[in-house]
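# Pasted the sequence and its predicted model underneath.
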Amino acid sequence: MTEQFQAACADDPMEADVTAVIEACGGDPRTAIKALLIEQYIQEQRIERLAAALSFGYVRGRIGGRPVRADSSHSRGI
């Protein structure tokens, strides 16, 4: 690594993480990006499965929007 790059890694912890991911992928940035995109897809699928597993009564409509309050019509003066 160059001195300038080492200084950037020392100042920014994310740079060290980026370097670690690229090194884990054999130094190929395209492979690193592909691996991260696959991981993101896996995590999104996991979140969708977990959200579907929650009962509507437990989350009280909080998924996909603002929480719904039972007394919301009274607070608006309706």
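Cool, got the structure.
# Would you state the helices of this protein in chain order?
Here the chain has its helices, by DSSP state H, at 3-11, 13-24, 29-53, 56-59, 72-75.
# Can you name the residues in contact with the longest one?
The one in question is helix 29-53. Outside of helix 29-53, the residues within contact range by C-beta atoms under 8 Å, 6 or more residues apart in numbering are 21, 22, 24, 25, 63. (Glycine included, C-beta is placed from N, CA and C.)
# Report the two of these separated the most.
22 and 63 (35.5 Å; C-beta to C-beta).
# Looking at those two, which is more packed in?
Just comparing residue 22 and residue 63: by other C-beta atoms under 10 Å the higher neighbour count belongs to residue 22, 17 against 11.
# Name the helix or strand of the protein that has the lowest mean pLDDT.
The weakest-scoring helix or strand in the chain, judged by mean pLDDT, DSSP states H and E, is helix 72-75 (a mean of 50).
# where does the protein have low pLDDT?
Counting by pLDDT under 70, the chain contains low-confidence ranges at 1-10, 55-78.
# what's the spacing between residue 50 and residue 35?
Residue 50 sits at a distance of 23 Å from residue 35 (criterion: C-beta to C-beta, to the nearest Å).
# So for these two, which sits in the more crowded spot?
The neighbour comparison of residue 50 against residue 35 (other C-beta under 10 Å) goes to residue 35, with 15 against 9.
# and that one, how far is that from residue 53?
The spacing between residue 35 and residue 53, counted by C-beta to C-beta, is 27 Å.
# And for residue 23?
Distance from residue 23 to residue 53, by C-beta to C-beta: 36 Å.
# neighbour count winner among those two?
Taking other C-beta under 10 Å, residue 23 and residue 53 do not tie; residue 23 has more neighbours (10 against 7).
# so what's the more buried one up against?
Contacts of residue 23 by C-beta under 8 Å, 6+ apart: none found.
# Give me the distance between it and residue 43.
Taking C-beta to C-beta, one finds residue 23 at 22 Å from residue 43.
# now do residue 51
Per C-beta to C-beta, residue 51 is found 12 Å from residue 43.
# Sweet, I'm off.
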